[in-house]
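Visitor: Sharing a model that was predicted from the sequence below.
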Amino acid sequence: QVQLVESGGGSVQAGGSLRLSCAASGYAYSPYSMGWFRLAPGKEREGVAAIDIDGGTRYAEFVQGRFTLSKDNIKNTLSLQMDSLKPEDTAMYYCAGGAGGSLEPQHFAYWGQGTQVTVSS
C-alpha cells in the first residue's frame, strides 16, 4: 500500500522559510514523478513543483526562485525548501506521486494527507 506522509508545515511570518518533507513507502516501482501541490480556501488545487525520475524538475511560475525541490532516492523522501514566503502561499500542501509529467493534479495517483502552511503578514 502506497503511503505518502508529509511533515514540516507550520506558521511563519512573511519573508520566512519552511522546509516540507514527504516520506514515501509502499511503492513496488518508483513513480515517474513526485510533486507538491497546494490547496487554499476558495481556490482549486494547484501544482507547486514536481520532479521526474530522471531528475528533471518543474516549478509553478509563482514559486520560481523561491522554492527548491529535492529528492533523496535512497531514503525515498521528497523535500520542498520554501524561502521568501508570502501570505498568498498560505495553503494545505500535499505530496503526490504518479505518472506526472506535468503539474496537473489529475496526473498524480497517490496523495498524502497534507500539511498546513500559514504565512502571516
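Guide: Nice, thanks for sending it over. Numbering: from 1, shown residues only.
Visitor: going forward, measure contacts between C-alpha atoms and count neighbours the same way
Guide: OK.
Visitor: and the gap between the residue nearest the centre of the chain and residue 72?
Guide: Nearest to the centroid of the C-alpha atoms of the chain, with distances taken as C-alpha atoms, centre = their mean, sits residue 36, at 2.0 Å. Distance of residue 36 to residue 72, given as C-alpha to C-alpha, to the nearest Å: 15 Å.
Visitor: My read is that residue 66 contacts residue 86, right?
Guide: No: Residue 66 is beyond contact range of residue 86, at 10.0 Å (criterion: C-alpha atoms under 8 Å).
Visitor: Of the two, which one has the most company?
Guide: Ranked by neighbour count (other C-alpha atoms under 10 Å), residue 66 and residue 86 place residue 86 first, with 18 against 12.
Visitor: Identify the residue spatially nearest to that one, adjacent ones excluded.
Guide: Spatially, and ignoring its direct neighbours in sequence, residue 86 is nearest to residue 14 (5.0 Å; C-alpha to C-alpha, 6 or more residues apart in numbering).
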